[in-house]
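Undergrad: quick one: sequence plus predicted model below, questions after.
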Amino acid sequence: MPLDLDDTTWHPIASSDDLPFRHVYQGQLLGRELAVWRADDGNVNVWENRCLHRGVRLSIGINEGAELKCQYHGWRYANRSAGCTYIPAHPADAPARRITNRTYPAHEAFGLVWSAAADAQPFAPFAGSDGADWVALRPVPLNAAPQDVALALEKYRFQPAEALDGEAARTMIERLSPLSVRLTAQSGEVIERAVFFVQPVDAGRAVIRGLIEGSPTRPLPVLRHHNERLTQLRDRLERAARRKPAPEPLQPAFAPVSAELSTMPDIAVPRGNTLRVVVKRKWDSADGIVAFELAALDGGHLPTFQPGAHIDLHLPNGLVRQYSITNGPGDLLSYTIGVKRESASKGGSQILIESVREGDVLAISEPRNNFPLRRDATRTVLIAGGVGITPILSMARFLDKSHLPYELHYFVRQGEHAAFREELGQLAGNITIHAGLPRGDSSRTIAEALGHWSRAQHVYICGPASMLETVRTTAAAQGWPDEAVHFEYFKNDKVIDQSSAFKVELARSAMTLQIPAGKTILEVMREAGLQTPSSCEQGACGTCLTGVIEGEVDHQDVYLNDTEKRSNRAILTCVSRAKGKRLVLDI
């Protein structure tokens, strides 16, 4: 019987007992090495057993509960998706979405973990498995061709659990598949069924995995009985295999995965591609903040994200708004976002809160990250204000899972305005909620929270513009360099001056555009037929970030920090303009 490398048949590859807490098991199937591990949420992952960086086996990696960490250079991969979440050599950047390890289907049943060599059909239990308890036997690896092992199992004989002292039980044989057989042993009135599966490791290697029906009253003698007889079968098969020519090892074709680019592109991707999600849950997280849990419509997992990431949410009225993901590592069955009730809403938060209900279907973009978290800091300070807790909560969850030191300061006007209190209460870090502090007290509290900067300390801030400015000013006064101060505005409160007129040359598009007073660069580029990515169009999210080749920029955004603005190397085309008569852009 030839072994098919494109086989979509489910095979047992491990016992459930092979996957204890925070362990990684090396499985094998049809010439492939597999990294098999159970996440803290119970999900079983079956991945190609190599890190995408240098090919080191992930089976010797570190299972951190929601991420698998390669021991060589510390690359991390997310539970469920196998997407890369962190690259230590690029600590300030979010890994590109293309960096995703190969995954294989996984299913746990009857005390065994099952997988397939390719995209499989839905898992179906073997015939006759329903309505019975099954006990997994000790696996028996052996150096013999899987097809020979399957044939030999038809001649395997055993005694039922309640008649171990008897001899020569009658056996009925039923072939279930080319690599599985059911044997029914009867001794007197005692009947017991056993099912044996051959795990095809390679052309000349296999593992016998057996299940016996029922719950023996004396399990140890039963297990010893089968172990002794299967060991004898193994010895006979290996002696016979040594007399045959050794088969050629299987050479599976691995799908190539490019990891050459380890960071996200400088200019974010446009929001053309969307995913359909269902509103699984909607609730009041705090006074004035409503939480939404968005799950994949097909019931599968959502794309990998990194802490600080956000999604574009397409609303029923045609508007698109950005919301940060609050989830922790490997939590991909749904995304949870927080939405603030805005009295001056332009139709975004208002329609979400008033019109969208549980069960409604919405469209979202894949996650993007303009606010990535470093995980190489000796001290991380997280500061949030109001609904700005959403990306900060995700960061805290990631740091918490990795047992990295951090402190979180959450500023709200009143205690009932503090969102996600239950989730914050589950964290082990130093969490402080500052409610109702006067402005002067808030400034002093921020100064105390920051302290004076020392090497490898980083602070992350998200909240109202006034709070962000206070933190940034205080940090600068206390010696914090710009590269250690990370921030995300959820809107731009600055008054935008659109009174200037100037010329823009688009170097890569070979176009020259006149930008009149009252219109943005982004608007004029769209009128000229250019497909330009954008999102908030307030100078806050960074989606329309474009490189500058020549000319001086009049920065009116809140996305770039002071150092980036002084470098004059980038512009947000939705709000910023030219200080002179001409700009040359790298687009």
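TA: Happy to help now that I have it.

Undergrad: secondary structure element holding residue 225?
TA: Using DSSP states H and E, residue 225 sits in helix 219-242.

Undergrad: by contact count, what packs against that helix?
TA: Using 3 or more Cβ pairs under 8 Å, 6 or more residues apart in numbering; DSSP states H and E as the contact criterion, the neighbours of helix 219-242 among helices and strands are strand 140-142, helix 146-153, strand 205-213. Bear in mind the C-beta positions are built from the backbone N, C-alpha and C, glycine included.

Undergrad: just put those in JSON lines and tack on distance to residue 458 and mean neighbour count.
TA: As requested, the helices and strands packed on helix 219-242 are exported to JSON lines (distance: least, Cβ to Cβ, whole Å; neighbours: other Cβ atoms under 10 Å):
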{"stretch": "strand 140-142", "distance to residue 458": "48", "mean neighbour count": "19"}
{"stretch": "helix 146-153", "distance to residue 458": "53", "mean neighbour count": "20"}
{"stretch": "strand 205-213", "distance to residue 458": "48", "mean neighbour count": "24"}
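
Undergrad: can I get those in a markdown table including distance to residue 40?
TA: Below are the helices and strands packed on helix 219-242 laid out as a markdown table (distance: least, Cβ to Cβ, whole Å):
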| stretch | distance to residue 40 |
| --- | --- |
| strand 140-142 | 29 |
| helix 146-153 | 34 |
| strand 205-213 | 26 |
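
Undergrad: which one of these lies closest to residue 42?
TA: Closest of these to residue 42 is strand 205-213, at 21.3 Å (criterion: Cβ to Cβ).

Undergrad: which outside residues touch that closest one?
TA: For strand 205-213, the external contacting residues (Cβ atoms under 8 Å, 6 or more residues apart in numbering) are 12, 15, 28, 110-112, 132-137, 139-146, 149, 153, 161, 192-201, 222, 226, 230, 233-234.

Undergrad: neighbours around residue 329, how many?
TA: 27 (other Cβ atoms under 10 Å).

Undergrad: grab the nearest non-local neighbour of it.
TA: On the basis of Cβ to Cβ, 6 or more residues apart in numbering, the spatially nearest residue to residue 329 that is not a chain neighbour turns out to be residue 66, at 3.9 Å.

Undergrad: so that neighbour sits against residue 307, correct?
TA: No: the pair residue 66 and residue 307 does not pass the contact test of Cβ atoms under 8 Å, sitting 11.7 Å apart.

Undergrad: where along the stretch 1-150 of the chain do the strands fall?
TA: According to DSSP state E, counting those that start in this stretch, the stretch 1-150 of the chain carries its strands in the segments 11-15, 24-29, 32-38, 44-48, 62-63, 67-69, 76-78, 84-86, 107-109, 112-115, 134-136, 140-142.

Undergrad: can you pull the contacts of the residue sitting furthest away from the middle of the chain?
TA: Here the chain has its C-alpha centre computed as a mean, and the residue farthest from that point, by Cα atoms, centre = their mean, is residue 188 with 55.4 Å. When contacts are counted by Cβ under 8 Å, 6+ apart, residue 188 touches 163, 166.

Undergrad: with residue 496 instead?
TA: Applying Cβ under 8 Å, 6+ apart, the residues near residue 496 are 539, 556, 575.

Undergrad: one more: residue 56?
TA: 50, 70-72.

Undergrad: more neighbours: which of residue 66 and residue 307?
TA: The residue with the greater number of neighbours, taking residue 66 and residue 307 and applying other Cβ under 10 Å, is residue 307; the counts read 28 against 24.
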